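1. give me the fold of what follows.
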Amino acid sequence: MMRLYGGDISNGLEYVPILIETSVSEDDYPKFKYSPENVQGPGCDIDPSEVTLPGCPCRSTSCSPDDCPCLRFGQAYTSEGLLSERRGDLAACYSHPVFECNALCECGDSCWSRSVQHGVQVRLGIFRTESHGWGVRALEAVPRGRFVCEYAGEVLGFSEALRRQLAQTPTQANYIIAVQEHGGESGVCRTFVDPVGIGNVGRFLNHSCQPNLDMVPVRVHSLVPRLALFARRDIEEGEELTFDYSGGQAGRADQSGFANHTAIQRKACLCGSPKCTGFLPLDISILH
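-> Numbering: from 1, shown residues only. Now for the predicted structure:
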């Protein structure tokens, strides 16, 4: 079935318009404030929009991992702007954090160490799926490793994330993403992002047990990571875009944790993939 897209749900805030099916009525469209980047929410003591990371002194067209302090963990992108093959391995991404050059860097906007900060460059369309609510479709072919969009919203403190999750009813969708990064002696860094009231196109992405996107924490101007979604394989025009809400860890969920939190109920997964686990992932670490 051919679908027509129009409008721009980002209201000009993205470099590329985020289109929506023309058949969707305004009354059906969810009410939220569009923000292309994370914003500071309750309990978050760091403003994600504030530039807090130092800049590099590089004056070349593109920075070199051998000289640029921003790239002390290695070059994350190829000269074509794609996530490098090594970084495509999520384990490598988490063990070697991705830092982009930022607003204080001497290098120019064309430096290949700048990708996520340039925002959405891929044509995307919002549509109504047949079985699982809203979805996002690629309106052009996307090569493996290309940045697609962020999962942006309010960055919350732990207590507020817990309060919001416990307040949800069994019929309400859970938008809160919890990302845990292990930093050696510094312990675990936990980031909670909720796009339900303030968010971007990422809030419409569905889960799949066999997704075509990978989520990678990328730091640009702030220590607060931006949850960037990259194509994990070549994606054809017209494909629905999905990512694994558990970050690939769904099979390790400790279901015994649900016993003391009856307000949180597992929801059925409708992704339809051959390796579907039957349930949407639920990160119970937020409950402890």
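
2. how about low-confidence regions in the chain?
-> 1-2, 86-95, 183-186, 248-266, 270, 272, 277-288 (pLDDT under 70).

3. all helices for it, in order.
-> 90-95, 158-167 (DSSP state H).

4. by contact count, what packs against the last one?
-> Read that as helix 158-167. strand 188-199 (3 or more C-beta pairs under 8 Å, 6 or more residues apart in numbering; DSSP states H and E). For every residue, glycine as well, the C-beta is placed using N, CA and C.

5. what comes up buried for the strand it packs on?
-> 191-199 (16 or more other C-beta atoms under 10 Å).

6. Throw those residues into JSON lines and include distance to G81, thanks.
-> JSON lines is the format used below for the buried residues of strand 188-199 (distance: C-beta to C-beta, whole Å):
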{"residue": "T191", "distance to G81": "25"}
{"residue": "F192", "distance to G81": "29"}
{"residue": "V193", "distance to G81": "24"}
{"residue": "D194", "distance to G81": "29"}
{"residue": "P195", "distance to G81": "25"}
{"residue": "V196", "distance to G81": "31"}
{"residue": "G197", "distance to G81": "32"}
{"residue": "I198", "distance to G81": "28"}
{"residue": "G199", "distance to G81": "25"}
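
7. show me the two of those that sit farthest apart.
-> The span of those, defined through C-beta to C-beta, is set by T191 and G197 at 17.5 Å.

8. surely P42 is in contact with A161?
-> No - assessed by C-beta atoms under 8 Å, P42 is found out of contact with A161, at 9.2 Å.

9. looking at these two now, which is surrounded by more residues?
-> A161 (25 against 14; other C-beta atoms under 10 Å).

10. how about the more buried one, nearest residue that isn't a chain neighbour?
-> F192 (3.8 Å; C-beta to C-beta, 6 or more residues apart in numbering).

11. who's in contact with the one you found?
-> Applying C-beta atoms under 8 Å, 6 or more residues apart in numbering, we find F192 in contact with 155-158, 160-161, 176-179, 286.

12. from these, list the buried ones, please.
-> For those, buried by 16+ other C-beta under 10 Å: 155-156, 160-161, 176-179, 286.

13. D214 against F230, yeah?
-> Yes - with contact defined as C-beta under 8 Å, D214 reaches F230; the gap is 5.4 Å.

14. break this structure into its domains for me.
-> 5-24+33-50+115-248+256-287, 54-114 (automatic domain parsing).

15. is it true that E37 touches R226?
-> Yes - counting by C-beta under 8 Å, E37 touches R226, with 7.2 Å between them.

16. tell me which of those two has more neighbours.
-> A direct count of neighbours by other C-beta under 10 Å for E37 and R226 places R226 higher, at 24 against 18.

17. that one pairs with what?
-> Using DSSP bridges, the bridge partners assigned to R226 are V218.

18. in contact with it, which residues?
-> 37-38, 48, 116, 150, 152, 217-220.

19. quick one: the spatially most central residue of the chain and T171, what's the gap?
-> When C-alpha atoms, centre = their mean is applied to the chain, the residue found nearest the centroid is Y151 (3.0 Å). Using C-beta to C-beta, to the nearest Å, Y151 is found at 22 Å from T171.

20. same question for S159.
-> As judged by C-beta to C-beta, S159 and T171 stand 24 Å apart.
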